[in-house]
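Student: Sequence and predicted structure below; questions after.
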Amino acid sequence: MTRTPILAGNWKMNVNHLDAVTLVQDLGQALAEAGYDKSKAEAVVIPPFTDIRSVQVLIDGDKLPIAYGAQDISAHDDGAYTGEVSGTMLSKLGCSYVVVGHSERREYHEESDELVNAKAKKIIEAGMTPIICCGEPLDVRKAGKHVEHTVGQIKADLDGISAADVAKLVIAYEPIWAIGTGETATADDAQEVCGAIRKAVAEMYDEATAESVRIQYGGSVKPGNVVEIMSKPDVDGALVGGASLKAADFAKIVTFY
Ligand code: G3H
């Protein structure tokens, strides 16, 4: 099974809808200059909700070889849920991906695995692909419980999702202590947990599903470390925060191959 690597830039709460235009145009140009071949790696940007329409206008209709998505979704369909954004709203804006369960949402918004699971199901129902985030805090890593912790999250997050849907989705392993800190997990650290997640998917479903699901690493990925991280057999891409805000750096990450 050949899995196409997926390099996704999570802009988090950065870049307004005007600056998004410049960032996407610059990224398109940097990818073209680097001779980007989308059969070798998939480039994705994940802007804030307010920027998605700006991004859609620049990308849709194959104007640029970049997919885009959202950073969150409501667990509800529609109605009186002030401040929420539904799956239908996102899919109508052309989103292909939605990030769910990012550690920043788990920590600052107390999102549970149960909610992450409900949101992942809404993403699938709306015809989009979840990028389900998981990963351990530093104290769990120091206690040597990182594999158990992360696999436990994924088992709960995938509960009730069919093998066919799991085969198409993306899992992002992000050790919390490596996010935005400049401290990257080693490539072997990334492989250890990404490999354990794939094994768990094989046990929950079957080998074919496990071979198909794409597993990203996230946490201080930069042009200088992406090649080593991507050399590991169970690492199929990266979820990139800070370095995705600079078009030249993100283009280098996407064209790591
Ligand atoms: O969603 C992205 C991750 O949280 C990684 O962020 O590349 O700034 O460490 P970072």
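Tutor: Okay, I see it.

Student: For Val201, give me its contacts.
Tutor: Listed by CB atoms under 8 Å, 6 or more residues apart in numbering, the contact partners of Val201 are 154, 158, 166, 209-210, 213. Quick note: C-beta positions are derived from backbone N, CA and C, even for glycine.

Student: helix or strand right after the helix or strand harbouring it?
Tutor: Counting by DSSP states H and E, the secondary-structure element that holds Val201 is helix 187-204. From helix 187-204 onward toward the C-terminus, using DSSP H and E, the following helix or strand is helix 207-212.

Student: chain center to that following helix, what's the gap?
Tutor: Helix 207-212 has its C-alpha centroid displaced from the chain centroid by 19 Å (CA atoms, centre = their mean, to the nearest Å).

Student: and it, what does it pack onto?
Tutor: Using 3 or more CB pairs under 8 Å, 6 or more residues apart in numbering; DSSP states H and E as the contact criterion, the neighbours of helix 207-212 among helices and strands are helix 163-168, helix 187-204.

Student: among these, which is the most enclosed?
Tutor: When neighbours are counted by mean count of other CB atoms under 10 Å, the highest per-stretch mean among the helices and strands packed on helix 207-212 falls to helix 187-204, a mean of 19.

Student: Extract the CA atoms of that helix and return them as CSV.
Tutor: Taking C-alpha atoms only, helix 187-204 is exported to CSV below (Å, rounded to 0.1, in the frame of the first residue of the first chain):
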residue,chain,number,x,y,z
ALA,A,187,12.3,10.7,14.3
ASP,A,188,12.5,7.5,16.3
ASP,A,189,10.1,8.9,18.9
ALA,A,190,7.6,9.8,16.1
GLN,A,191,8.0,6.3,14.6
GLU,A,192,7.5,4.6,17.9
VAL,A,193,4.1,6.1,18.5
CYS,A,194,2.9,6.3,14.9
GLY,A,195,3.8,2.6,14.6
ALA,A,196,1.8,1.8,17.8
ILE,A,197,-1.2,3.7,16.5
ARG,A,198,-1.1,1.8,13.2
LYS,A,199,-0.9,-1.5,15.1
ALA,A,200,-3.9,-0.5,17.3
VAL,A,201,-5.9,0.3,14.1
ALA,A,202,-5.0,-3.2,12.8
GLU,A,203,-6.2,-4.7,16.0
MET,A,204,-9.5,-2.7,16.1
